[in-house]
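[1] Provided below for reference: sequence and predicted model.
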Amino acid sequence: MYVLGINSAYHESSACLIKDGIIIAAVEEERFNRVKHAKTARVDNPDELPFNAISFCLEEAGRLEGRKVTLLDIEHIGYSLNPKERLQRNTQHRHQYLITPNDFGTKEGEQLFYKKNLEVLRRLRQNGFKGRLHYLNHHDCHAASSFFVSPFDDAAVLIIDGIGEFESTTLYHGHKNHIERLLTIDYPNSLGFLWEKMSKFFGFTEYDACKVMGMASYGIPRRYHRQFKRLADFGENGNFSIDDKLAMFRNEDYSGLEKIFELTRRTAPIEIVEGDNKKYADLAASLQEVTDGIVVKLAETLNERTNCRNLCLAGGVALNCVTNARIIKSGIFDDIFIQPAAHDAGTAIGAAFYIWNQSFGNKRDFVFESPYLGPSFANEDIMHELNRHGLIYTQNGDIEGAVAQLIVNGNIIAWFQGRMEIGPRALGNRSIIADPRNGNFISEINKKIKHRESFRPFCPSVLEEMVSEWFDVDQIVNPAKYMLATYEVLPDKISIIPAVVHVDGTSRLQTVSQKLNPRFYALINSFYRITGVPMLLNTSFNDQGPIVCTPNDAVNTFLKNNLDYLAISNFLVSKSANKVN
């Protein structure tokens, strides 16, 4: 039986198709429509469905079946929001300040959002779907996206994001094929919304929590710790509160924040941490510290309530690598599982597995390991694209060895191989790679290739069997498979790999196994045999926009910036040989 999961209510639109409890494909819509996050979260567009992602999932099923698979073959679709619950809870809430008219939180805005969510079924019917559509609770889908595909039969489950229907944090106990709610914390007590609002306070967009996390390492939290505790604090039993009269999540008023922090909201993003900008880094550090404290307290509460030694995490806040590291170091749990699409895109995975496991009671037969669940392309398609652009290229039977030598020689390479990964972090199939020993690459890649802030760090992708020789990983390493936690670099190694060590002496690392990604493993291993360093600098293959998906995306991104080579399947394209500036 096919079950399709869809996320499109807010942002990070995505689709996941499973057959008899096994993932066939899972992919984000942004990779196809080339719009970051697929779309902006608005009250008038939840019915803007991820049809490109859905089509790919169906095509992948058809490839495996040897026949055309359409929506007519899908018996059940899970949609990761319950519109009725959302409408009821949000229209009952009364804000203590003016909110944006006809938007989220208003009666008119919530009614429009409700109607547009109900349009989802009509749009699916128009495209041939004859089965049953399940409107599911958003946090239930987050929980299912982690626990039901985890290696654990029994686990505590923690979901933290901006908002689901009305809840912002939910604690669960997962056992076999069932998840049980234990505690819910509602809007406006939302860590996700706090990070969105503070990101805009720093001059970024609401989607730039990763930038704030990187900037926080340059700050000193004690400078704003006392003031921050007026805004966000935690009490007993894992509950926490946020003063929305100061935060004003539902409008663009920053006067409350400006008053308590005695700082003006920035109208332009911070590019470099120096001078007066240091105050904002201190504020970011305090935000990180308060978040760490709240989440660790929630983890302690979950452990007490469930008596479980395993933890599953999901929701946008689960992408905070520093907070995840704090949970790891706390020793509360023996093991932690976070799948790479922990943000809203992952709720498509959760919607499908919630139906299969919880609704239908089927036993669990799938453990998430490989994030490579998106499109791949045949050599013929790649050659066609290279020829269409009039590029000179060579074909190499040992592309890994050739690229490793180019990296040793100081080149920065775009690496495009196999099936695209799901989640916001490139995990070796759509990556930009370079020598971690060259500290100058931090500035060069940030400024000339990625065109982003100077304080943004880069990640080391490390041969998994050698990670303990370079990083302090005596504790839990599961999140490192998908770049979801920071680890301290061993003191005697910091000077060897300066390009992948953040200012605080940590790295958000990825462990690379031969089993999950043999080609990326072979590349790193080739570099290791030459240099004695078992890792590469790895960052996503993009320039401001979504990570590249197709050969056309790869070629266009390669041609417009300062990358030296494109390694795409077994083909190697040199920028200099093609006389491209």
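    Thanks, I have it. Please read these numbers as outputs of a predicted model, since none were measured by experiment. Residues are numbered from 1 along each chain as shown.

[2] Outline the domain layout of this protein.
    2-149+339-359, 185-335, 379-574 (automatic domain parsing).

[3] so which of these gets nearest Tyr372?
    domain 379-574 (4.0 Å; C-beta to C-beta). All C-beta atoms are positioned from the backbone trio N, CA, C, and that covers glycine.

[4] Can you tell me, leaving aside adjacent residues, what's nearest to Thr264?
    Distance criterion C-beta to C-beta, 6 or more residues apart in numbering; nearest residue to Thr264, sequence neighbours excluded, is Glu258 at 5.9 Å.

[5] would you say the one you found is within a strand?
    No. Residue state for Glu258 (DSSP: H, G, I helix; E, B strand; the rest coil) corresponds to helix; a strand is not indicated.

[6] returning to what we had before: out of the domains of the chain, indicate the one that is most buried.
    domain 2-149+339-359 (a mean of 22; mean count of other C-beta atoms under 10 Å).

[7] Need the pLDDT of Ser80.
    Confidence at Ser80, expressed as pLDDT, is 98.

[8] Over to Val580?
    66.

[9] Val477 too?
    At Val477, pLDDT is 89.

[10] right, and it touches Phe471 too?
    No. Val477 is beyond contact range of Phe471, at 9.1 Å (criterion: C-beta atoms under 8 Å).

[11] And the longest helix along the chain, how far out from the chain middle?
    When the chain is parsed with DSSP state H, its longest helix is helix 277-306. Distance of helix 277-306 from the chain centroid (C-alpha atoms, centre = their mean, to the nearest Å) equals 19 Å.

[12] For the helix or strand just after it, which strands pair with it and how are they oriented?
    Per DSSP states H and E, the first helix or strand lying C-terminal to helix 277-306 is strand 310-314. Under the criterion DSSP bridges, strand 310-314 sits next to strand 154-160 (parallel), strand 335-337 (parallel) in its sheet.

[13] Can you identify each of the strands in the stretch 301-450 of the chain by residue range?
    Secondary structure of the stretch 301-450 of the chain by DSSP state E, counting those that start in this stretch: the strands cover 310-314, 335-337, 394-395, 413-416, 430-434.

[14] ok so, going back, the residue nearest to Thr264 and Ala281, how far apart?
    Between Glu258 and Ala281 the distance is 17 Å, computed by C-beta to C-beta, to the nearest Å.

[15] circling back to that earlier point, so which of the strands paired with strand 310-314 is the most packed in?
    It is strand 154-160: most buried of these by mean count of other C-beta under 10 Å, with a mean of 27.

[16] contacts for it?
    Surrounding strand 154-160, the residues in contact under the criterion C-beta atoms under 8 Å, 6 or more residues apart in numbering are 139, 142-143, 146-147, 168-176, 179, 191-192, 295, 298-299, 302-303, 305-306, 308, 310-318, 333, 337.

[17] Enumerate every residue touching the closest residue in space to Ser540 that isn't next to it in sequence.
    Spatial nearest neighbour of Ser540, excluding adjacent residues (C-beta to C-beta, 6+ apart): Ala426 at 3.8 Å. With contact taken as C-beta under 8 Å, 6+ apart, Ala426 is in contact with 432, 538-541, 547.

[18] In strands only, show me those.
    432, 538-540 (DSSP state E).

[19] From the contact counts, what lies against the worst-scoring helix or strand of the chain on mean pLDDT?
    Counting by mean pLDDT, DSSP states H and E, the weakest-scoring helix or strand in the chain turns out to be strand 232-234, with a mean of 82. Under the contact criterion of 3 or more C-beta pairs under 8 Å, 6 or more residues apart in numbering; DSSP states H and E, strand 232-234 touches strand 240-242, helix 277-306.

[20] okay if I get the strands of the stretch 301-450 of the chain as CSV plus distance to Lys115 and mean pLDDT?
    Converted to CSV, the strands of the stretch 301-450 of the chain look like this (distance: least, C-beta to C-beta, whole Å; pLDDT from 0 to 100):
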stretch, distance to Lys115, mean pLDDT
strand 310-314, 28, 98
strand 335-337, 37, 98
strand 394-395, 54, 96
strand 413-416, 42, 98
strand 430-434, 37, 98
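
[21] Tell me which of those sits nearest to Tyr354.
    strand 310-314 (12.2 Å).

[22] Can you tell me the closest non-neighbouring residue to Pro225?
    One thing to correct before we go on: residue 225 is His, not Pro. Ser286 (5.3 Å).

[23] quick one: the one you found and Arg223 touch, right?
    Yes. If you go by C-beta under 8 Å, Ser286 and Arg223 touch, sitting 7.0 Å apart.

[24] give the contact list for the residue nearest to Asn517 when sequence neighbours are not counted.
    Nearest residue to Asn517 in three dimensions, chain neighbours excluded: Gly428, at 5.2 Å (C-beta to C-beta, 6+ apart). Shown in contact with Gly428 (C-beta under 8 Å, 6+ apart): 415, 417, 421, 461, 510, 512, 517, 520, 538.

[25] sorry, back to before: wait, the residue nearest to Thr264 sits on Met248?
    No. Using C-beta under 8 Å as the test, Glu258 is too far from Met248 to be in contact (11.2 Å).

[26] Now the residue nearest to Ser540: phi and psi?
    Main-chain dihedrals, Ala426, degrees, to the nearest 10: phi -70, psi 130.

[27] Asn45 too?
    Torsion angles, degrees, to the nearest 10, at Asn45: phi -130, psi 20.

[28] Need the pLDDT of it.
    98.

[29] Excluding residues flanking it in the chain, which one is nearest it?
    Here the residue nearest Asn45, using C-beta to C-beta, 6+ apart, is Lys39, at 5.9 Å.

[30] Next one: Met215 relative to Val295, how far apart?
    Computed as C-beta to C-beta, the Met215 to Val295 distance reads 19 Å.

[31] make that Gln339, sorry
    18 Å.

[32] residues contacting His225?
    286, 289-290.

[33] Serialize the residues you listed to TSV and add fields for pLDDT and distance to Arg437.
    TSV is the format used below for the contacts of His225 (pLDDT from 0 to 100; distance: C-beta to C-beta, whole Å):
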residue	pLDDT	distance to Arg437
Ser286	96	34
Glu289	95	32
Val290	94	36
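
[34] In terms of distance to Asn7, which of these ranks first?
    For the contacts of His225, the nearest to Asn7 is Val290 (28.7 Å; C-beta to C-beta).

[35] My read is that the closest one contacts Arg226, right?
    No. Val290 is beyond contact range of Arg226, at 11.1 Å (criterion: C-beta under 8 Å).

[36] my guess is Ile568 meets Ala554, correct?
    Yes. Using C-beta under 8 Å, Ile568 is in contact with Ala554, at 5.8 Å.

[37] Pull up the overlap in contacts between the two.
    Taking C-beta under 8 Å, 6+ apart as the criterion, Ile568 and Ala554 both touch 414, 416.

[38] contacting residues around the residue positioned nearest the centre of the chain?
    By C-alpha atoms, centre = their mean, the mean C-alpha position of the chain lies nearest to Pro424, the distance being 3.8 Å. Taking C-beta under 8 Å, 6+ apart, we find Pro424 in contact with 210, 319, 340-341, 343, 540.

[39] rerun that using 6 Å as the cut-off
    Residues near Pro424 by C-beta atoms under 6 Å, 6 or more residues apart in numbering: none.

[40] gap between it and Gly346?
    Following C-beta to C-beta, the distance that separates Pro424 from Gly346 is 10 Å.

[41] That concludes my questions; thank you for your assistance.
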